[in-house]
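A.B. asks: return a 3D structure for these sequence lines:
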Amino acid sequence: MASITQLFRRFLERPGSIDLAPFDRTVASAGDREERIRGLAELPEPSMDDLAEFCAIVREAARRTLGLRPYDVQLVGMLAMLSGNVAEMATGEGKTLSGAMAAAGYALQGKRVHVISVNDYLAQRDAEWMGPLYGSLGVSVGWIAETSTPEERRAAYAKDVTYGSVSEIGFDVLRDRTRTDVSDLVVPEPSVALVDEADSVLVDEARVPLVLAGAADPGDSVPEMAALVRQLVKGYHYELDDQARNVHLTTKGIDTVEQALGLELYDNATTLTEVNLALHAHALLTKDVDYIVREGKVHLINPSRGRVALLQRWPDGLQAAVEAKETLPASETGEILDSITVQGLITRYPEKCGMTGTAVAVGDQLREFYDLKVAVVPSNRPCVRTDAPDRLFEYAMEKDHALVDEIVEVHATGRPILIGTLDVAESERLSLTLSGRGLECVVLNAKNDAEEASIIARAGERGAITVSTQMAGRGTDIRLGDGVDELGGLYVIGSGRHTSSRLDDQLRGRAGRQGDPGGSVFFVSGEDELITHYVADEYAKGVPDRDLVGHAQRVAEGVNMEIHRNTWRYTRLLEHHRSLVLGLREKVLRGESAADALSGAAPERWSELREAVGEEVLQDAARQIVLFHLDRCWADHLAFLGELREGIHLRALGRLSPIEEFNKEAKPAYEHMLAEIESRSVATFESASITSEGLDLDGAGLKRPTATWTYLVQDNPFGTEWERILNRLTTKVRRRR
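C.D. replies: I've put the predicted structure just below:
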């Protein structure tokens, strides 16, 4: 009975099923008041007690300050967000304004709002653009960026509404977790998170860890390993699996490596790991697809946005291996002091909402991981874009020739064309091909993403050809030039299907904004990675049919969903540990719990020092001691859990559940950590030099890292070593069947 009820409720709450009728009635009532509100010399102070009145006031405020009169659907989107939902609004429907009105509504309820964007550019642009609207409503607004100083950050967070990228807000949270004085804290207690491009932030990047690291020395054997694997021959020394996602040494390869290094490879775990990392960097990570080299540094490309992931890196070993592959100096490496996933960051907020153009497709994930529902807001004008069926080919070369022919033919009419490619290398190959056919195009990819706003703004002009690696989260509308309407509007061409149908929809959505004419088509071949990686066993060569392409996308989306779910299974216990530790830390930082603990554990020492240095100095010393050991033990706990997870998949060979085994070992490790904090703190207190000038930190061995920095870790694209082994075993078993 319970399962039937659950299924029934799941059907009723399917993504996009939220009833918009109450919002529509409120907006209609606001329309009845519009003329009266417009006739007032000064707008009344808005109140959230009467939502219709608030809608009427905020609409007039936007008209007066921004020259924008919000459409009814923009007010509906605002109300959906104020009700704690993710509003799905099509590209060009004015999400920025809807989000600002919703943020103001939350702020007027006395709540502190963080508008979380995908990058610094959008955070600054939107805060400054919407600033006059906020000011007219009596709401203060600020923004933070990578270049913001601590003082600027503190001032921005003190505003009613703060705009910032998800990474910068996360880094501020991590840095606050190492503060030893309350006055140094930057981020106030969270209240409301309003997430722009919600599907990208909450789903695509949910499992990305944000890291705070302390300085350490890099290893010096990495360049040697890179030089060694450079000499190995594919198919002789090493082999790739059928999907080119894993690589392993052959028997001959093992012999060659062992002779070169003068050791037994499988008797030396450290060397084996270094060789494997170098081999993965050499064979599986491709320049201009997975990363680019710019100004002497390796920059990762965000796979869901096609742009440089400015602060992102692979785990240290793989990052160093790629740098050595490109004969570049190793970037800083260090010990992880603390980390938090994007999902862990967002779930800190008691209230969450968001907006995006494509939410329904990930509605189940939004509900499962964030308890968020999707409200599908209709467009202001009906979409008249013509979406043609996919053009299907057996071979990639056939597809490429047909795609270029299509561009040449359409360009001859003067109609603007936007081509979405899957990676940087493809965008540059296409640019060269078009140039050879006498056509000039503008390329928007990870190598010139700083120019994106101006490039996108011109993409709708007559005769324009724009090539882009991704259009998700670009934040700029494409407006049609003079006479383009008569030519059919913007024509969008996809050079292949993405692994997520949402990315296809985001690309398509660039045409046909606000009732404009437009068209779209995708070119797909049986050699595209979507087919070869996800449905290779079901593809019997020849021209793939549309059902197979759709099936491949569903498989890819299912794989990513399971990865997300599996990551959360492992991090859920860690997040629980983190919340407990942060609770302890808050008591130490803001209260007298350190003094209570140490005075109780060493009463004689406490009494002696209190008479010598005074209560205030002693309490500060106690706080410094306990905070140091708490932070030190937490970093050790993170390292232990990282190593535990790295090898836990081996337990599956013994028919044990890796996640259950992980939890079984993590729980006593946490208890051990608490005991260590206490014992180390007491030992330090009893031996440390504490004078009237305070605690001698260096003398007590309480030296914190001289330098810290923050970055994001892109998930290891190949999984852990044991995951790769299990994958190979599973593949072999499948083949035998």
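
A.B. asks: any idea which helix is longest in this protein?
C.D. replies: Counting residues, the longest helix found in the chain (DSSP state H) is helix 546-590.

A.B. asks: helices or strands next to it in the packing?
C.D. replies: Helices and strands touching helix 546-590, by 3 or more CB pairs under 8 Å, 6 or more residues apart in numbering; DSSP states H and E, are strand 333-341, helix 342-346, helix 363-370, helix 529-534, helix 593-601, helix 615-648, helix 658-687. All C-beta atoms are positioned from the backbone trio N, CA, C, and that covers glycine.

A.B. asks: what ranges does the stretch 51-200 of the chain have for its helices?
C.D. replies: 51-66, 72-82, 95-107, 120-136, 150-157, 166-176, 198-199 (DSSP state H, counting those that start in this stretch).

A.B. asks: who touches the last one?
C.D. replies: When you say that, I think you mean helix 198-199. Val86, Gly354, Met355, Thr356, Thr358, Ala359, Ala361, Val362, Leu366, Leu372, Arg502 (CB atoms under 8 Å, 6 or more residues apart in numbering).

A.B. asks: out of those residues, list just those in strands.
C.D. replies: Val86, Gly354, Met355, Thr356 (DSSP state E).

A.B. asks: enumerate every residue touching the last one.
C.D. replies: I take that to be Thr356. Thr356 neighbours (CB under 8 Å, 6+ apart): Val86, Ala87, Glu88, Met89, Lys95, Asp196, Glu197, Ala198, Asp199, Ser200.

A.B. asks: the third one bridge partners, please.
C.D. replies: This means Glu88. For Glu88, the beta-bridge partners are Thr356, Val376 (DSSP bridges).

A.B. asks: list the residues that contact it.
C.D. replies: Gly16, Met355, Thr356, Gly357, Thr358, Ala359, Val360, Val374, Ala375, Val376, Val377.

A.B. asks: buried only: go through the residues you listed for me.
C.D. replies: The neighbour-count test (16 or more other CB atoms under 10 Å) marks Met355, Thr356, Gly357, Thr358, Ala359, Val360, Val374, Ala375, Val376, Val377 as buried among the contacts of Glu88.

A.B. asks: columns pLDDT and distance to Gly518 on top of those residues, output as a markdown table?
C.D. replies: Formatted as a markdown table, those follow (pLDDT from 0 to 100; distance: CB to CB, whole Å):
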| residue | pLDDT | distance to Gly518 |
| --- | --- | --- |
| Met355 | 97 | 22 |
| Thr356 | 94 | 20 |
| Gly357 | 91 | 15 |
| Thr358 | 90 | 17 |
| Ala359 | 93 | 22 |
| Val360 | 93 | 21 |
| Val374 | 97 | 24 |
| Ala375 | 97 | 25 |
| Val376 | 96 | 20 |
| Val377 | 96 | 20 |
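
A.B. asks: for those, which one is nearest Gly519?
C.D. replies: Gly357 (18.0 Å; CB to CB).

A.B. asks: how many residues are close by the closest residue to the closest one other than its chain neighbours?
C.D. replies: Leaving aside its sequence neighbours, Gly357 sits nearest to Thr91 (CB to CB, 6 or more residues apart in numbering; 5.0 Å). Thr91: 23 surrounding residues under other CB atoms under 10 Å.

A.B. asks: mind checking pLDDT for Thr91?
C.D. replies: Listed pLDDT for Thr91 reads 83.

A.B. asks: about what we covered before: out of the helices of the stretch 51-200 of the chain, deepest packed?
C.D. replies: Each of those was assessed for mean neighbour count using mean count of other CB atoms under 10 Å. The highest is helix 198-199, with a mean of 31.

A.B. asks: coming back round to it: off-centre distance for the longest helix of the chain?
C.D. replies: 12 Å (CA atoms, centre = their mean, to the nearest Å).

A.B. asks: ok, stretch 184-192 next?
C.D. replies: 21 Å.

A.B. asks: distance between the ends of that stretch?
C.D. replies: Chord length of stretch 184-192, first to last residue, is 23 Å (CA to CA, to the nearest Å).

A.B. asks: what are the phi and psi values for the most centrally placed residue in the chain?
C.D. replies: Central residue of the chain (CA atoms, centre = their mean): Glu205, 2.8 Å from the mean position. Dihedral pair for Glu205: phi -110, psi 10, per degrees, to the nearest 10.

A.B. asks: quick one: the nearest residue to it once chain neighbours are set aside and Arg36, what's the gap?
C.D. replies: In space, and not counting its chain neighbours, Glu205 is closest to Val342: 4.9 Å by CB to CB, 6+ apart. In this view, Val342 and Arg36 are 45 Å apart by CB to CB, to the nearest Å.

A.B. asks: neighbour count: these two, which is higher?
C.D. replies: Taking neighbours as other CB under 10 Å, Val342 and Arg36 compare with Val342 leading, 22 against 10.

A.B. asks: and the more buried one, what's its pLDDT?
C.D. replies: 91.

A.B. asks: I'd say it and Ser200 touch.
C.D. replies: No. The criterion here is CB atoms under 8 Å, and Val342 misses it with Ser200 at 10.1 Å.

A.B. asks: quick one: low-confidence ranges for the stretch 301-450 of the chain?
C.D. replies: By pLDDT under 70, the low-scoring segments of the stretch 301-450 of the chain are 302-312, 315-316, 332-334, 445-450.

A.B. asks: which residues of it fall in strands?
C.D. replies: For the stretch 301-450 of the chain, strands defined by DSSP state E, counting those that start in this stretch occupy the ranges 307-308, 312-313, 333-341, 351-356, 374-376, 386-387, 391-393, 417-420, 442-444.

A.B. asks: export those to a markdown table and tack on distance to Ile677?
C.D. replies: A markdown table is the format used below for these (distance: least, CB to CB, whole Å):
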| stretch | distance to Ile677 |
| --- | --- |
| strand 307-308 | 40 |
| strand 312-313 | 30 |
| strand 333-341 | 15 |
| strand 351-356 | 32 |
| strand 374-376 | 43 |
| strand 386-387 | 59 |
| strand 391-393 | 61 |
| strand 417-420 | 52 |
| strand 442-444 | 51 |
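
A.B. asks: which SSE is the residue of the chain positioned farthest from its centre in?
C.D. replies: Centroid-distance maximum for the chain: Glu611 at 53.0 Å, with CA atoms, centre = their mean. Using DSSP states H and E, Glu611 sits in helix 603-613.

A.B. asks: coming back round to it: would you list the buried ones among the contacts of Glu88 in a markdown table and tack on distance to Ser167?
C.D. replies: Listed next are the buried ones among the contacts of Glu88 as a markdown table, based on distance: CB to CB, whole Å:
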| residue | distance to Ser167 |
| --- | --- |
| Met355 | 19 |
| Thr356 | 18 |
| Gly357 | 22 |
| Thr358 | 22 |
| Ala359 | 22 |
| Val360 | 26 |
| Val374 | 25 |
| Ala375 | 27 |
| Val376 | 29 |
| Val377 | 28 |
